[in-house]
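K.L.:
let's see this in three dimensions:
(one chain, ligands or ions: 2)
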Amino acid sequence: MMSVNTALTIAGTDPSGGAGIQADLKTFQELESYGMSVITSVVAQNTTGVQAIHHIPLKMIEQQLDAVISDMPIHAVKTGMIASIEMMKLIAEKTPKTDAPYVMDPVMVATSGDTLMEANARNFLREQLLPLTALVTPNIPEAEFLIGEQIETVEDMMQAAALIVDTFGAGAALVKGGHMTGDAIDFLYDGNKIHTFSSERIDTKNTHGTGCTYSAAITAYLSKGFSLYDAVKKAKHFVTAAIANSFSLGSGHGPTNHWATRAEKVRL
Ligand SMILES: Nc1ncnc2c1ncn2[C@@H]1O[C@H](COP(=O)(O)OP(=O)(O)OP(=O)(O)O)[C@@H](O)[C@H]1O
Ligand SMILES: Cc1ncc(COP(=O)(O)O)c(N)n1
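P.N.:
Ligands and ions are numbered 1, 2, ... in the order given. Below you'll find the predicted structure:
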């Protein structure tokens, strides 16, 4: 019988296919990890922004989680959009039961500027969910919220990564430089060492879903047994190729190309 590794995403949706659950499942599939999903919120959105949000009733989120956890092996789990404290409480209670590494993309605001997490849930995320993670992947504004300080330089980014682990209890922190200028540099602090992952900045406005795609790729590689360092290194390559070969679809920030590494014919 063929053995297979599995990855679960717990997140909101994007009917335009570039971000959220849709981006996660496309990424899992590309990286040959069997993808599973629990939907927290249905979001009417596209490349121009968010038009409406419908939160799934808590009971239904719980039933989705129970359905997967009670029946399926789970080798890695990620969360994306979790809008409320109540949803976070449920996830904090259920995900440790999977025993799988937990990657948190602390989605607060979409690329378009629309808010995806209730303001009062941010503290709960930091205090209750962060300590459960194997890795958290904040962009600059999210890292600024987590540490309560402004980030202006690469030194600030490294310090933020260390604080998020040493002070707030994340397993590891990957502070992403997509919102800085110059090369796209990310810093990983694993509790011992800072690692740097860098690529040239690609001149494009098609960045819808980059954060989702990156954290999903890390989750897929972790599910396959790669070390955290190797998972981030390979995922950085995956997201860079996805941005470099992105699609000018829609009239706003277009989506990335989830099959770009396959098209490169590179076995990662
Ligand atoms: N223009 C770009 N060229 C190359 N790499 C980029 C570019 N923009 C973002 N990245 C990279 O993409 C990954 C996602 O980072 P980013 O900081 O954009 O996350 P995010 O803000 O969560 O995503 P989003 O912008 O979709 O909300 C990081 O590795 C970052 O360095
Ligand atoms: C449901 C959902 N989750 C997350 C994002 C963030 O996407 P981005 O990576 O563009 O910030 C999004 N737009 N929608």
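K.L.:
ok, how many other residues are close to the residue lying closest to N46 once chain neighbours are set aside?
P.N.:
In space, and not counting its chain neighbours, N46 is closest to S16: 4.1 Å by CB to CB, 6 or more residues apart in numbering. (Each C-beta comes from the backbone N, C-alpha and C, glycine too.) By other CB atoms under 10 Å, 21 other residues sit near S16.
K.L.:
which pLDDT value goes with S16?
P.N.:
Confidence at S16, expressed as pLDDT, is 98.
K.L.:
same thing with the one 4 residues further on?
P.N.:
G20 carries a pLDDT score of 98 in this model.
K.L.:
to what extent is it buried, counted in neighbours?
P.N.:
Neighbour count for G20, taken as other CB under 10 Å: 30.
K.L.:
show me the contacts for it.
P.N.:
If you count contacts by CB atoms under 8 Å, 6 or more residues apart in numbering, G20 has them with A11, G12, T13, D14, V43, G80, M81, G209, C212.
K.L.:
looks to me like the fifth one is in a helix.
P.N.:
No. If the criterion is DSSP: H, G, I helix; E, B strand; the rest coil, then V43 is strand and not within a helix.
K.L.:
tell me how many other residues crowd it.
P.N.:
27.
K.L.:
circling back to that earlier point, identify those among the contacts of G20 that sit within strands.
P.N.:
A11, V43 (DSSP state E).
K.L.:
give me the element P138 is part of.
P.N.:
Using DSSP states H and E, P138 sits within no helix or strand.
K.L.:
show me what contacts it?
P.N.:
P106, F145, L146, A160, I164, A173, L174, V175, K176.
K.L.:
leaving out the residues flanking it, which one is nearest to it?
P.N.:
Using CB to CB, 6+ apart, the closest residue to P138 is P106 (5.3 Å).
K.L.:
mean confidence for the helix ranked longest in the chain?
P.N.:
The longest helix of the chain (DSSP state H) is helix 228-244. Per-residue pLDDT over helix 228-244 has a mean of 98.
K.L.:
list of residues touching it?
P.N.:
With CB under 8 Å, 6+ apart, helix 228-244 has contacts from 27, 30-31, 134-135, 172, 174, 184, 186, 188, 190, 195, 197, 199, 202, 204, 206-207, 210, 213-215, 217-218, 220-222, 226, 256-258, 260-261, 264, 268.
K.L.:
what about ligand 1: which of those residues touch it?
P.N.:
Under the cut-off given by CB under 6 Å from any ligand atom, ligand 1 has A184, D186, S199, I202, T204, T207, T210, Y214 from these close to it.
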